[in-house]
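Asks: Just need the structure, nothing else, for what follows:
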Amino acid sequence: MMNVGEDGYVNACHSIVGAAKKIADAIRENPALSNDLEVIGRPLVSVVAFSSKTLDIYDIADAMSAKGWHLNSLQTPPAIHVAVTLPIVKVWEKLIADLEAVVEGEKEKRGQGGGGKGRQGEEPG
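Replies: As a prediction, the model looks like this:
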């Protein structure tokens, strides 16, 4: 806070919370994501957790890692979360675009007989 002052700190907080809301809204409202993913809870600050209704969420996490994103895997329920920070604020749209591409790729794998929910305890389908 010594570098940016109180106003800088408050502005950073607003930016982070705003970006987290945009990420959660994109997952909820974008048909490329909302058909397969669901936001867990009601994110109010800077962490957005989501699970998958149709795909292996851990495969999604691995594919996002391969694209350079550092998302955290969760269990019970299987999910991943993004902790929104100032660097994420600047690139949240890229995160969503990469998430769309990953979900599409996982859906294609599932259609070819791969993927599925195997690691989550269900038979691939």
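
Asks: Might you calculate how far stretch 40-50 sits from the centre of the chain?
Replies: 10 Å (C-alpha atoms, centre = their mean, to the nearest Å).

Asks: Adjust the sequence numbering to begin at 10 for everything that follows.
Replies: In the new numbering, first residue 10, that becomes stretch 49-59.

Asks: which residues are in contact with that stretch?
Replies: Contacts with stretch 49-59, where a contact means C-beta atoms under 8 Å, 6 or more residues apart in numbering, come from 25-26, 29-30, 32-33, 36, 46-48, 60, 66, 83, 86, 88-94. Every residue, glycine included, has its C-beta placed from N, CA and C.

Asks: For ChimeraX, what selects the buried ones among those residues?
Replies: A single ChimeraX command selects the buried members of these (16 or more other C-beta atoms under 10 Å):
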select :25,26,29,30,32,33,36,46,47,48,60,66,83,88,89,90,91,93
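
Asks: Among the contacts of stretch 49-59, which ones are in helices?
Replies: Ile25, Val26, Ala29, Lys30, Ile32, Ala33, Ile36, Ile66 (DSSP state H).
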